[in-house]
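Visitor: need a structure here:
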Amino acid sequence: MSEPWWNTSAEARDEVRGRLLALPYQIQFSRHDTIVIVGHSHFFRSMFQRFLHADVGHRSTELASRLCKDVLPNCGVACCQLDFSRG
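Guide: Numbering: from 1, shown residues only. Sure, this is the predicted structure:
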């Protein structure tokens, strides 16, 4: 009998926070140059809220606001280039 891969209850905030903090390290130390990450809009908004560099907000206040507040539609795509040298 196979196990379901999904959770039937809401994920605890600590679990989400743990995944949120682990993801940049998984990306940074991956052996791949291009990575596709699939997830829910709330997770991506949380990522942008936590890790979006202030320079993005200075260059485009509207873009930074939309990334941190708007819902990514179903099958929506956000393309990002990450610069780990900037902290």
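Visitor: how much space between residue 81 and residue 28?
Guide: In this structure, residue 81 and residue 28 are separated by 13 Å, where distance is defined by Cβ to Cβ, to the nearest Å. Every C-beta, even on glycine, is put in place using the N, C-alpha and C of the backbone.
Visitor: quick one: pLDDT of residue 7?
Guide: Reading off the per-residue confidence, residue 7 sits at a pLDDT of 69.
Visitor: any weak-confidence spans in the chain?
Guide: 1-7, 87 (pLDDT under 70).
Visitor: what does the helix ranked longest in it rub up against?
Guide: Among the elements of type helix in the chain, defined by DSSP state H, the one spanning the most residues is helix 13-28. Identification of contacts with helix 13-28 by Cβ atoms under 8 Å, 6 or more residues apart in numbering yields 35, 37, 43, 46, 47, 50, 51, 82, 84.
Visitor: can you rerun that using 10 Å?
Guide: For helix 13-28, contacts defined as Cβ atoms under 10 Å, 6 or more residues apart in numbering pick out 7, 10-12, 35, 37, 39-40, 42-43, 46-47, 49-51, 80, 82, 84.
Visitor: only whichever of those are buried, select them in PyMOL.
Guide: For anyone working in PyMOL, the buried entries among those, judged by 16 or more other Cβ atoms under 10 Å, can be selected with:
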select buried, resi 43+46+47
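Visitor: mind listing which of the contacts of helix 13-28 are in strands?
Guide: Secondary-structure check on the contacts of helix 13-28 using DSSP state E: no residue lies within strands.
Visitor: what about the contacts of helix 13-28, which are in helices?
Guide: When helices are assigned by DSSP H, the members of the contacts of helix 13-28 inside them are 42, 43, 46, 47, 49, 50, 51.
Visitor: for the residues you listed, which one is nearest residue 71?
Guide: The closest of the ones in helices among the contacts of helix 13-28 to residue 71 turns out to be residue 42 (Cβ to Cβ; 8.3 Å).
Visitor: against residue 58, how distant is that closest one?
Guide: For residue 42, the distance to residue 58 equals 26 Å [Cβ to Cβ].
Visitor: cool, thanks, signing off.
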